[in-house]
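>>> The sequence and its predicted three-dimensional model are supplied below.
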Amino acid sequence: MNKEMNHGAHDKVVFGFWVYLMTDLLSFAVLFATFAVLRHSTFGGPSLRDLLDLPFALKETLILLTSSFTAGLAMIAVHGKAKRWALIWFGVTFLLGVAFLTLELTEFSHLVHDGNSWQRSASLSAFFALVGTHGLHIAVGLLWMLISMIVIWYRGLTLFVTSKLVRLSLFWHFLDIVWIFIFTIVYLLSFT
Amino acid sequence: MMKSRVLKTYISGFVLSLGLTLAAYFVVTSTAVPRSLVVWVIMIAAVFQFIVQTIFFLHLDEERRPRWNLAIFVSTLGIVLVVIVGSLWIMANLNYQHTSPADIIKDEGIQL
């Protein structure tokens, strides 16, 4: 009975988190709409095609996609109560996330260094707002993952911790899905 | 038993996503595909990858009834479409209204 009640409470919490993800999806939708409207408004400056590096973006995409996969492997370990594997796979996911964020910040710093910051044109403002918001989410997710790994290490995979990890993995998969559209609409579409 | 089935969904999701990402990338970089088709191909690849990941990574298909997660997911997608398509439509129309009357007369084929 007690276990069932816990399960019901867990379902409710996951649903609440899912509703949050959907509202987050809406804020990304607004940023995508802004980008789609402003993408060619370069104010006489260079277009995104001149500025962006497609093979570089493919590298970022493959890293983030792999991290989404390893987050799934971590959750299999979590549900199998395999603490060590859970830590290993979350560790791998964390490192891939850090690699992704490093690449993204490298791209941003190159753009800003060459005088193509968000102040350059409406097109670049929209680019930085959209890609930067995603990067900020990734940074928050990485902090969350680091804290979760410490909690797993000290408290083990209790029902409470597992429920937290379910939400973390949903968040991480969600960010990967948003990135698919950033890769397609921001990067690939600029080169057609 | 259950574990290997979940593992299988993650592996198939990963392989399909990789395939779709690389396919879209090569369609854009190669010269073999006609330019007019490229936009459609990469958008369709993105939509397919979206479906693949919601099923294989988010496991939205395994939810028990009543399917509240699916319900709010579908309504959110509806709002997302309205926001994006609506913005593009309104802004394109506004852009059009701001062109010179001569352009509109020419575009609409109005005989004076």
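Everything's here; your move.

>>> Chain A contacts on chain B?
By C-beta under 8 Å from any C-beta of the partner chain, the residues of chain B that approach chain A are B:3, B:6-7, B:10-11, B:13-14, B:17-18, B:21, B:24-25, B:28-29, B:35, B:38-39, B:42-43, B:45-46, B:49-50, B:53-54, B:57-58, B:68-69, B:72-73, B:76, B:79-80, B:83-84, B:86-88, B:91. Where C-beta positions appear, they are placed from N, C-alpha and C, glycine not excepted.

>>> Can you turn the buried part of those into a ChimeraX selection?
Burial among these is assessed by 16 or more other C-beta atoms under 10 Å in any protein chain shown; the matching ChimeraX selection reads:
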select /B:6,10,13,14,17,18,21,24,25,28,38,42,43,45,46,49,50,53,54,57,58,69,72,73,76,80,83,84,87
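
>>> The residues of chain B next to chain A in helices, which ones?
Taking DSSP state H as the definition of helices, these contribute B:3, B:6-7, B:10-11, B:13-14, B:17-18, B:21, B:24-25, B:28-29, B:35, B:38-39, B:42-43, B:45-46, B:49-50, B:53-54, B:68-69, B:72-73, B:76, B:79-80, B:83-84, B:86-88, B:91.

>>> Now do the contacts for the most centrally placed residue in chain B.
Averaging the C-alpha coordinates of chain B gives a centre point, and the residue nearest to it by C-alpha atoms, centre = their mean is residue B:47 (4.1 Å). For residue B:47, no contacting residues are found, by C-beta atoms under 8 Å, 6 or more residues apart in numbering or on different chains.

>>> Mind pulling up the pLDDT for it?
In this prediction, residue B:47 carries a pLDDT score of 96.

>>> Give me the distance between it and residue A:184.
As for residue B:47, its distance to residue A:184 is 9 Å (criterion: C-beta to C-beta, to the nearest Å).

>>> got a list of what the nearest residue to residue B:39 once chain neighbours are set aside touches?
Spatially, and ignoring its direct neighbours in sequence, residue B:39 is nearest to residue A:192 (5.3 Å; C-beta to C-beta, 6 or more residues apart in numbering or on different chains). Residue A:192 sits next to B:28, B:35, B:38-39, B:42 when contact means C-beta under 8 Å, 6+ apart.
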